[in-house]
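Student: Take this sequence and fold it.
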Amino acid sequence: MATRTTPRRLRAAVNLADVRELARRRLPRPVFDMVDGGADDELTLARNEAAFRELLLSPASMADVATVDPAVEVLGRRVSMPVLLAPTGGGRVAHRRAEPAVAAAARAHGTVYVQSTVTGYPLEEVARAGGGQLWYQLYLPESRERLRPMVERVAAAGYRALVLTVDTPVFGGRERDRRNGFSLPVRPHPRMLLQGASRPVWAVDFLRGNLPTRRDGRLSAWATQRQILAAPRPVTWADLAVVRDLWDGPLVVKGVLRPQEVPGLLDGGVDGLVVSNHGGRQLDGVPASIEALPAVVAAVAGRAEVYLDGGVRRGTDVLKALALGARAVLIGRPYLYGLAAGGQAGVERVLELLRAEFVRALALTGCATPADVDAGLLHPAR
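Tutor: As a prediction, the model looks like this:
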């Protein structure tokens, strides 16, 4: 439930669309487009959401749902609901506290935040804010010599799982960003300040959060951003073997759409797979994540956990993903909208809204827990 510390405008938001509108009003147009946009014609971005709407539910009656518990286990640990927070880069343009605020919100709500390699804060600071429930998303450094110390640093900071993103050999065509002359990492410059003049609250927050100083470790974080964004490195099967050898904990691969790749990933020691098209921000014209999910789940055949990323905007979307075999979903844009609208309180409001919708969806379909959800809850296709 929203607390008195939550801004009134966020307490009044009744769904994620309301939070998105709050973010749109607060952010300069180029910044909002960076958060909101996708690749090329944004066909996959739109399809991610539309495909959920095309799935209908077939609710069961006569079930005892007086008490509903939405908690699940992911990689052996209980989380409050099957909604995790996906890795996203560039959060600092939405709010100066960015990743620490998101990690703290996830901690407060008993779920997992996946910290991105592309960050404005040292990974240790984010880990402290998350309180031991974080996973770390890995983009490979430019040389293997830098990989070992990087992985060792992640382990020393207490991250529980490593999430290797494999769908970014190059960055997708973000045409909104090109039209706006916008790129990451963002640095204060006259054009940016002019664009932010109509959003003075954002402008002040941006300046406070994006002037790097040696004292708080931001320079090293910015250096990492520049290296990754300048030259993303493709991930090969040999790279997967190296990462698996270096990392002792659970290993998740993010960016899987083809079931043909699943056997090799499982044989390579992967513990979880994220069915994802990168939120429609990489290759345009690929299937929605929810459309690709069933084939990947079938190929995994229970040998690893499967998660879904992309297009989740309602608690019923979470339910539909679980019905098709996902253990949990990851959200990205929704919590960035919340971050922009109100920092940590905004992220928490997004989690509250999704949790309430998911609990209601469970009850209305006759499910007391996520374990009761199966494909029988989906209305048969025509």
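
Student: Low-confidence ranges, the stretch 151-300 of the chain, go.
Tutor: Across the stretch 151-300 of the chain, the stretches falling below the confidence threshold (pLDDT under 70) are 184-193, 210-231.

Student: Please repeat the previous calculation with a cut-off of 90.
Tutor: Applying pLDDT under 90 to the predicted model, the residue ranges of the stretch 151-300 of the chain that meet it are 169-171, 177-233.

Student: can you map out the strands along it?
Tutor: For the stretch 151-300 of the chain, applying DSSP state E, counting those that start in this stretch gives strands covering 161-165, 251-256, 272-276.

Student: who touches the second one?
Tutor: With contacts defined as C-beta atoms under 8 Å, 6 or more residues apart in numbering, strand 251-256 is touched by 75, 87, 135, 137, 161-168, 240, 243-244, 262, 265, 269-278, 296, 307, 309. C-beta here means a position set from N, CA and C on the backbone, and glycine is covered the same way.

Student: 7 Å - rerun?
Tutor: Residues external to strand 251-256 that are found in contact with it (C-beta atoms under 7 Å, 6 or more residues apart in numbering): 137, 161-167, 243-244, 265, 269-276, 278, 296, 309.

Student: Highest mean neighbour count out of the strands of the stretch 151-300 of the chain?
Tutor: Looking across the strands of the stretch 151-300 of the chain with neighbours counted as mean count of other C-beta atoms under 10 Å, the highest average goes to strand 272-276: a mean of 28.

Student: OK, contacts around residue 373?
Tutor: With the criterion set at C-beta under 7 Å, 6+ apart, residue 373 makes contact with 319, 322, 323, 367.

Student: Nearest to residue 348 among those?
Tutor: residue 319 (21.5 Å; C-beta to C-beta).

Student: what helix or strand is the closest one on?
Tutor: Applying DSSP states H and E as the criterion places residue 319 in helix 315-323.

Student: For the contacts of residue 373, give me a markdown table that also has neighbour count and distance to residue 233.
Tutor: Formatted as a markdown table, those follow (neighbours: other C-beta atoms under 10 Å; distance: C-beta to C-beta, whole Å):
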| residue | neighbour count | distance to residue 233 |
| --- | --- | --- |
| 319 | 26 | 37 |
| 322 | 26 | 34 |
| 323 | 21 | 36 |
| 367 | 24 | 43 |
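
Student: Any chance of a markdown table for these, columns pLDDT and distance to residue 59?
Tutor: Formatted as a markdown table, the contacts of residue 373 follow (pLDDT from 0 to 100; distance: C-beta to C-beta, whole Å):
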| residue | pLDDT | distance to residue 59 |
| --- | --- | --- |
| 319 | 98 | 10 |
| 322 | 98 | 15 |
| 323 | 98 | 12 |
| 367 | 98 | 9 |
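
Student: Provide a list of residues in contact with the closest residue to residue 183 other than its chain neighbours.
Tutor: When the adjacent residues along the chain are set aside, residue 183 lies closest to residue 177, with 6.5 Å between them (C-beta to C-beta, 6 or more residues apart in numbering). Applying C-beta under 7 Å, 6+ apart, we find residue 177 in contact with 33, 34, 37, 183.

Student: cool, and residue 172?
Tutor: Under the contact definition (C-beta under 7 Å, 6+ apart), the residues listed for residue 172 are 39, 281, 282, 283.

Student: Among these, which one lies nearest to residue 341?
Tutor: Using C-beta to C-beta as the measure, the one of the contacts of residue 172 that approaches residue 341 most closely is residue 281, at 21.0 Å.

Student: so the closest one makes contact with residue 38?
Tutor: Yes: under the criterion of C-beta atoms under 7 Å, residue 281 makes contact with residue 38 at 5.2 Å.

Student: circling back: from the contacts of residue 177, keep the buried residues only.
Tutor: 33, 34, 37 (16 or more other C-beta atoms under 10 Å).

Student: so what's the backbone phi/psi at the second one?
Tutor: In terms of degrees, to the nearest 10, the main-chain angles of residue 34 are phi -60, psi -40.

Student: Need the single longest helix in the chain, by residues.
Tutor: In the chain, assigned by DSSP state H, the helix with the most residues is helix 333-364.

Student: what comes up buried for that one?
Tutor: Residues of helix 333-364 classed as buried: 333-355, 357-359, 361-364 (neighbour count, 16+ other C-beta under 10 Å).

Student: Just list what it packs against, helices and strands only.
Tutor: When contacts are defined as 3 or more C-beta pairs under 7 Å, 6 or more residues apart in numbering; DSSP states H and E, helix 333-364 sits against helix 8-11, helix 16-26, helix 29-36, strand 83-85, helix 98-108, helix 315-323.

Student: on that earlier part again, can you tell me which of the contacts of residue 373 is closest to residue 248?
Tutor: The nearest member of those to residue 248, counting by C-beta to C-beta, is residue 322 at 29.4 Å.

Student: if I read this right, the closest one contacts residue 82, doesn't it?
Tutor: Yes: under the criterion of C-beta under 7 Å, residue 322 makes contact with residue 82 at 6.3 Å.
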